[in-house]
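# I need the structure of the sequence given here:
(one chain, ligands or ions: 1)
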Amino acid sequence: MTSLDELINKAQILLSDGHSPEQIGDELSLSMETVTWLLTQQRGEEAPKDVHIDWTATSADARMLDLTTEMMIRRYEIAVEEGQIPLRSGEVDFDTVVGISLSGVPVATLIARGTGTRLAIYHPAKHSPSQKKVGSVSGSFASVAGRSCIIVDDVITTGKTLHEVVEYLRSHGAKPVAIWVLFDKRGVKAVEGVPVFPLYTVSRID
Ligand SMILES: O=P(O)(O)OC[C@H]1O[C@H](OP(=O)(O)OP(=O)(O)O)[C@H](O)[C@@H]1O
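Residues are numbered from 1 along each chain as shown. This is a model prediction of the structure:
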């Protein structure tokens, strides 16, 4: 079975389990166009231009995940050293790491440990169980008001989640300083003026 066959299989299982195409897109980190194609593709029809990233070999092993977050921290240190993040002498860079639930949380936890900073958790609006979908910061972890934050997630697909988090933080008295992600599928330099530091940028060449 090819990896494409596996992806089609996964999408069909999720659909038969009752997930909506939008939920399948979120689950597999694919665009709606790709999900539609996976669920309805005809033989010979050309696949849309999207990529699926399977990083479970790393995410399933805490030590490898830890090493990966060390790379993310170093990537930011280099950006600061190169002046990409202009810091005034004595200025505090960030004191809080905001992990986006769910997949951003283990990454953010290890980054908070590696940088000696506080850990906050953001629940995106799309995960909200209430009728009115709103995002929130978990009361079980650090608060964000008055804090300088970096936002941490695994992947940028459309960028919608990050827009939401940046707006949430600003409207709740926090200062988003930077966004750290493992994979950027959009090639975005900034979200609402907040610079993005991906470890890997994914693009197609065709
Ligand atoms: O750029 P966007 O289009 O907003 O998509 C990216 C988001 O989608 C995924 O979350 P999701 O909630 O689907 O999965 P998770 O629960 O595994 O984090 C991913 O972890 C990002 O948070």
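# got a list of what Thr157 touches?
Gly25, Ser29, Leu30, Ser31, Lys185, Arg186 (Cβ atoms under 8 Å, 6 or more residues apart in numbering). Yep, even glycine has a C-beta here, placed from its N, CA and C like the rest.
# at 7 Å what do you get?
Contact analysis of Thr157 by Cβ atoms under 7 Å, 6 or more residues apart in numbering lists Ser29, Ser31, Lys185.
# Columns secondary structure and neighbour count on top of those, output as a markdown table?
Listed next are the contacts of Thr157 as a markdown table, based on DSSP: H, G, I helix; E, B strand; the rest coil; neighbours: other Cβ atoms under 10 Å:
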| residue | secondary structure | neighbour count |
| --- | --- | --- |
| Ser29 | coil | 21 |
| Ser31 | coil | 17 |
| Lys185 | coil | 24 |
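# Restricting to the residues you listed, which residues neighbour the ligand?
Ser29 (Cβ under 6 Å from any ligand atom).
# Contacts for the least confident helix or strand in the chain by mean pLDDT, please.
Using mean pLDDT, DSSP states H and E, helix 32-40 stands out as the lowest-scoring helix or strand of the chain, at a mean of 82. Helix 32-40 is contacted by residues Leu7, Ile8, Ala11, Gln12, Leu15, Pro21, Glu22, Ile24, Gly25, Ala47, Pro48, Asp50 when judged by Cβ under 7 Å, 6+ apart.
# how many neighbours does Val51 have?
14 (other Cβ atoms under 10 Å).
# per-residue confidence for it?
Per-residue confidence (pLDDT) for Val51: 82.
# Find the nearest non-adjacent residue to it, please.
Leaving aside its chain neighbours, Val51 sits nearest to Val202 (5.5 Å; criterion: Cβ to Cβ, 6 or more residues apart in numbering).
# Give me the three-state assignment for the residue positioned nearest the centre of the chain.
Residue closest to the average C-alpha location in the chain (Cα atoms, centre = their mean): Asp153, at 2.8 Å. With DSSP: H, G, I helix; E, B strand; the rest coil as the basis, Asp153 sits in strand.
# Who are the contact partners of it?
Counting by Cβ under 7 Å, 6+ apart, Asp153 touches Ile100, Gly104, Thr161, Leu162, Val181.
# Apply 10 Å and report the result again.
By Cβ atoms under 10 Å, 6 or more residues apart in numbering, the contact set of Asp153 is 98-101, 103-105, 107-108, 122, 124, 161-162, 165, 179-184.
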